[in-house]
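A.B. asks: Here's my sequence, what's the structure:
(one chain, ligands or ions: 2)
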Amino acid sequence: MQILQVKNLRKYFTVGMLKKYTIKALDDVSFDINQGEIFAVLGESGCGKSTLGLVLSRIEKETAGEIFFKERKISGSTKLDFDTRRQIQIIFQNPYESFDQRLCIYDSLVIPLRINKIGDSDSQRKEIMKTFLHRAGLEPAESFFNRFPHELSGGQLQRISLLRAMMLNPSFLIADECVSMLDLSVRASVINLMLDLIESEKTTVMFITHDISLAKYVSDQIAVLYLGKIVEMGRSVDVVQRPLHPYTKVLISYTPSIFEKKNKIKPKELMSLFQPEVGCNFVNRCPYSDDKCQQERPQLRELEPGHWVSCHKV
Ligand SMILES: Nc1ncnc2c1ncn2[C@@H]1O[C@H](COP(=O)(O)OP(=O)(O)O)[C@@H](O)[C@H]1O
Ligand SMILES: [Mg+2]
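C.D. replies: Ligands and ions are numbered 1, 2, ... in the order given. Below is the predicted model:
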């Protein structure tokens, strides 16, 4: 069963002072996420990943398109009913920015529990918090309660931001580059905690990352985003082992491996902010592009069962 359906989603930003420019951060994006699966959204900086997270969590409103959560339409307004607001949680890249610096950890955790009427009393809520801190290996739990965000390490605080979201028992978690700021050794502890918590709660996750090896490690499905469009989508093993789109191939060829020396596929240019007027978005960087790619925009096609790609060359 699908928990989330996204249909022709667009989010445009107008920038510039005298001359106005339109950035198509999301341009006609459609996909479904099945209940209980981890859906990775992959792409380099500026391709629209965070915008997608913000629009789905209703922090930002879409320019056009529809979003259905558990078969109910949530697009059209950023207002959500009380329970849906609890069910959709988002965690961000920088934990120091996602906590109020003036609140100690106890208050940062107890307030969302109170608002969402989880636990009958504060002493019961304290027990819930202790159980979660224990699961995250943050012990003794009491020693964290009266500390402030700046008194914790990035890894500790990110684990607490994950707990804060998961204590509300969400059915859909959006994790936006949740380990990108952390040291490699600390990343595993946060990822494993996330996998442990979502497994026991059967939470569906949208895992936003620029790291293809991490996407493959955690996710069931991958959607590769390029300049606001999905260029490839499918089961993670298919996308990583048999990438079809040149952009996915470029990403994979630049993923470091300690086991093999890879021939890197060189993109021609850096990514621009703006889409070309006609043709494929990737045309100026693509090592394989030809005239058709310059003139005609490729559509997303299902080339193998469940494996979608938008490229004229495959
Ligand atoms: N509030 C905003 N106003 C104007 N442009 C924005 C805004 N938010 C994002 N953008 C632009 O939209 C594009 C996608 O940004 P973002 O979703 O943050 O990308 P990512 O998370 O993949 O790095 C970028 O070109 C960015 O500059
Ligand atoms: Mg981002």
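A.B. asks: From now on I want contacts and neighbour counts done on CA atoms only, so please keep to that.
C.D. replies: Noted.
A.B. asks: if we look at stretch 44-58, which residues are touching it?
C.D. replies: The contact list for stretch 44-58, computed with CA atoms under 8 Å, 6 or more residues apart in numbering, reads 11, 25-26, 41-43, 60-62, 67, 75, 77-80, 88-90, 174, 176, 208-210, 225-228, 273.
A.B. asks: near ligand 1, from these?
C.D. replies: 25, 273 (CA under 6 Å from any ligand atom).
A.B. asks: In helices only, show me the contacts of stretch 44-58.
C.D. replies: Using DSSP state H, no member of those sits in helices.
A.B. asks: Buried subset of the contacts of stretch 44-58 as a PyMOL selection?
C.D. replies: To isolate the buried ones among the contacts of stretch 44-58 in PyMOL, judged by 16 or more other CA atoms under 10 Å, type:
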select buried, resi 11+25+26+41+42+43+61+62+67+75+88+89+90+174+176+208+209+210+225+226+227+228
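A.B. asks: who's in contact with residue 292?
C.D. replies: With contacts defined as CA under 8 Å, 6+ apart, residue 292 is in contact with 279, 312.
A.B. asks: right, I mislabeled it, should have said residue 111
C.D. replies: Contacts of residue 111 (CA under 8 Å, 6+ apart): none.
A.B. asks: Helix, strand, or coil at it?
C.D. replies: helix (DSSP: H, G, I helix; E, B strand; the rest coil).
A.B. asks: returning to what we had before: from the contacts of stretch 44-58, which ones fall inside strands?
C.D. replies: 11, 25-26, 41-42, 67, 88-90, 174, 176, 208-209, 225-226 (DSSP state E).
A.B. asks: which one of those residues sits closest to ligand 1?
C.D. replies: Comparing these against ligand 1 with CA to the nearest ligand atom places residue 25 closest, at 4.3 Å.
A.B. asks: Quick check: buried residues in stretch 33-40?
C.D. replies: 33-40.
A.B. asks: typo on my end, it should be stretch 200-209
C.D. replies: 202-209.
A.B. asks: Also stretch 306-314?
C.D. replies: Residues of stretch 306-314 classed as buried by neighbour count (16+ other CA under 10 Å): 307-312.
A.B. asks: Could you tell me the end-to-end distance of it?
C.D. replies: For stretch 306-314, the first-to-last residue distance is 16 Å (CA to CA, to the nearest Å).
A.B. asks: Make CSV out of the buried residues of stretch 306-314 and add pLDDT.
C.D. replies: Formatted as CSV, the buried residues of stretch 306-314 follow (pLDDT from 0 to 100):
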residue, pLDDT
307, 98
308, 98
309, 98
310, 97
311, 97
312, 96
